[in-house]
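S.K.: Only the shape, not the letters, is given here:
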Ligand SMILES: O=c1ccn([C@@H]2O[C@H](COP(=O)(O)OP(=O)(O)O[C@H]3O[C@H](CO)[C@@H](O)[C@H](O)[C@H]3O)[C@@H](O)[C@H]2O)c(=O)[nH]1
Ligand SMILES: [Mn+2]
């Protein structure tokens, strides 16, 4: 009976023996490599500087490797017992507020936003306890209109979902997956609801295309009056519209059941006030919801992350309501999964290893990071509460306790909480709510929560809880990673550096876990060095590794192979393909020499006060031609960017160095090449192999997504320049 009390189980993840064997031997190998480097520095003039650079890069890699192992030692997975929750609490469950953020009706189409919203409204959870809030940072009447449409479609959609117990509950996802041949409902019923949905989306898409809402529609809801002629996305009054008021007896679906509360909010925007991006939106939502439903649990998702699993709320509550551990848990994070990944993960965006290995590993050392989406928080904790050993949550707060206030009064009160000036001279954005000033506001907020004594857990059900839209072009991928690496690096360099801020507050391994991401960006420097200097040295004939006959080559080979084999094993065991792993390796190099490099440079510029923080939204739509290439897993370049110049230059440089290196056969014979330089030939060759898609994109492809000619030309120029410089002022 004892065990039945628990609402969730913690299980350790297998395969640790293999892992630990690999880790211990690789660590030994690394020590030998470093020892060799430090004791065999060549004389000046024989490549000493280049050798010392190798030492520095390898020292960095070693330290970083140790950091990434912090979370791999004893990962855990969690299993909630939903049935026990239901048996114990019945429908006496806490109220839950759900926040959705959107920012721009063009890169985040309103029809997508409402599909997400509808999927959340249709959770298997008592509707009277559920409130869904949308924050629209685009302040767009188009998004409001879509929400208004959703509020009436919900009356058909929610009962349909519940009656037939369908999954997923995002209409867009459901109709694209199901072909109407399901035996759960009559074909007539299915077509009825599908037509209704199609017609609604068409009306919305037409409105978005024309940018206007027909007058007769506007007459249907007072909310449309908020948009007068002067209003723009960067300059408008606060707007709060309760589209469905859960307390209203008349707000029922077509079967007479209560509907969840649905609220549209566009916080005030004025040009002279900084709005703090998504963090600002989240904080406004926390306040606005406090006067409408004030639920003790807050869940937030991005507008493209629909709910793919109807049980997620109940699953999450198993953690918070667990009698033994629940009081320590500050938030429950779900992994970020995408529904638009191709089989072989061409841009390395599937985050499988991060989700399945790193998040679970973090879970065993204090808790996963808050990653900004798919996360359940206790409201109190988001508002700054510290952990105390006798902490006990009052689960009765929320919608049902509210006295019946006039809906207009509530809206007015809510608006006053969403103004630009509300936060002046308050702790909002610092001690209260989501923190400001960082492009990964979520990570820094989660860190502060951990440092206030709370733990977090990662729940990763077999049927993913949320599915979003991942980047589908190289440019989008690099952009997202620039924001992430820059954000995490700026945390590392700030007073929130996990080693300082977390000192004595969270465990060492937890601090290191945070630094896996904090140090993504500076990895770029070591990588840039490693993909250029050994190759240039090969061209010149300067050895930078032990000879093949020297026993010292062994640790180099061991570390290289075993580390990579383990990474392959990890990827395969997370469900990736061999090719997917290979593509992922390419993307690591590419991200490091572009996104992460710019991440370092921009972080430094910000530290020097030369630039301001930005948040470039990832587009959720792409053109047809490009989507086709994405599905065929052909890399997309298109218009020229500096990133592409770097990628093309490094690719070409390595090709030239490999070919040029082979000329040593002429002068020194096979002996020189294969005894003295084998490691460099191998390294250079591996780089050339991974870079094959780039050569194709430069020289062979004819489609619109190829590398633009100007980029190829520039990269040829840079390669020539590099080699000239190398001849004139040798660096290696
Ligand atoms: O001024 C802004 C900018 C963005 N957003 C919203 O923030 C979300 C995330 O933006 P997106 O461009 O999709 O970024 P991603 O790179 O996909 O987001 C990941 O990384 C972000 C931090 O960089 C986290 O906040 C996200 O939760 C996480 O999914 C979206 O819903 C946006 O609508 C706003 O509400 N206001
Ligand atoms: Mn996104």
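M.R.: Right, received. Where do you want to start? The structure displayed is predicted, hence computed values, not measured ones. Ligands and ions are numbered 1, 2, ... in the order given.
S.K.: Excluding residues flanking it in the chain, which one is nearest whichever residue of the stretch 351-500 of the chain sits closest to ligand 1?
M.R.: In the stretch 351-500 of the chain, the residue found nearest to ligand 1 is residue 372; the distance is 2.6 Å by C-beta to the nearest ligand atom. From N, CA and C alone the C-beta is placed, and that goes for glycine too. Of all residues not flanking residue 372 in the chain, residue 442 sits nearest, at 3.3 Å (C-beta to C-beta, 6 or more residues apart in numbering).
S.K.: tell me which element that neighbour falls in.
M.R.: helix 441-451 (DSSP states H and E).
S.K.: Do that helix and ligand 2 come into contact?
M.R.: No - Helix 441-451 lies out of reach of ligand 2 by C-beta under 5 Å from the ion, never closer than 11.9 Å.
S.K.: for that helix, packing partners?
M.R.: For helix 441-451, the helices and strands in contact under the criterion 3 or more C-beta pairs under 8 Å, 6 or more residues apart in numbering; DSSP states H and E are helix 277-292, strand 329-333, helix 379-382, strand 455-458, helix 474-493, helix 498-501, helix 508-518.
S.K.: which stretch among those comes nearest residue 633?
M.R.: Nearest of these to residue 633, taken as C-beta to C-beta: helix 474-493 at 12.0 Å.
S.K.: as a whole number, average confidence for the closest one?
M.R.: Across helix 474-493, the average pLDDT comes to 95.
S.K.: now that helix: how far from the chain's centre is it?
M.R.: Centroid separation for helix 474-493 versus its chain: 10 Å, with C-alpha atoms, centre = their mean, to the nearest Å.
S.K.: What of stretch 607-621?
M.R.: 16 Å.
S.K.: Show me which residues of that stretch are buried.
M.R.: 613, 615, 617, 618, 619, 620 (16 or more other C-beta atoms under 10 Å).
S.K.: What of stretch 77-88?
M.R.: Per 16+ other C-beta under 10 Å, stretch 77-88 contains these buried residues: 77, 78, 80, 81, 82, 84, 85.
S.K.: Which of those fall in helices?
M.R.: The members of the buried residues of stretch 77-88 that map onto helices under DSSP state H are 82, 84, 85.
S.K.: So what's the residue count around the nearest residue to the second one once chain neighbours are set aside?
M.R.: If I follow you right, that is residue 84. Nearest in space to residue 84, with sequence neighbours left out and distances taken as C-beta to C-beta, 6+ apart, is residue 7 at 5.7 Å. Neighbourhood size, residue 7 [other C-beta atoms under 10 Å]: 24.
S.K.: still on that earlier bit, turn the ones in helices among the buried residues of stretch 77-88 into a markdown table, including pLDDT.
M.R.: What follows is those, written out as a markdown table (pLDDT from 0 to 100):
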| residue | pLDDT |
| --- | --- |
| 82 | 96 |
| 84 | 96 |
| 85 | 96 |
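S.K.: Including distance to residue 598, could the helices and strands packed on helix 441-451 go into CSV?
M.R.: CSV is the format used below for these (distance: least, C-beta to C-beta, whole Å):
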stretch, distance to residue 598
helix 277-292, 19
strand 329-333, 28
helix 379-382, 31
strand 455-458, 30
helix 474-493, 5
helix 498-501, 23
helix 508-518, 16
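S.K.: Please produce TSV containing the ones you listed, extended by distance to residue 696 and mean neighbour count.
M.R.: Output for the helices and strands packed on helix 441-451, formatted as TSV (distance: least, C-beta to C-beta, whole Å; neighbours: other C-beta atoms under 10 Å):
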stretch	distance to residue 696	mean neighbour count
helix 277-292	38	24
strand 329-333	39	26
helix 379-382	48	20
strand 455-458	39	26
helix 474-493	14	23
helix 498-501	41	17
helix 508-518	32	23
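S.K.: Adding distance to ligand 1, write the ones you listed out as TSV.
M.R.: Listed next are the helices and strands packed on helix 441-451 as TSV, based on distance: least, C-beta to the nearest ligand atom, whole Å:
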stretch	distance to ligand 1
helix 277-292	4
strand 329-333	11
helix 379-382	14
strand 455-458	15
helix 474-493	4
helix 498-501	17
helix 508-518	11
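S.K.: closest to residue 558 out of those?
M.R.: helix 508-518 (23.4 Å).
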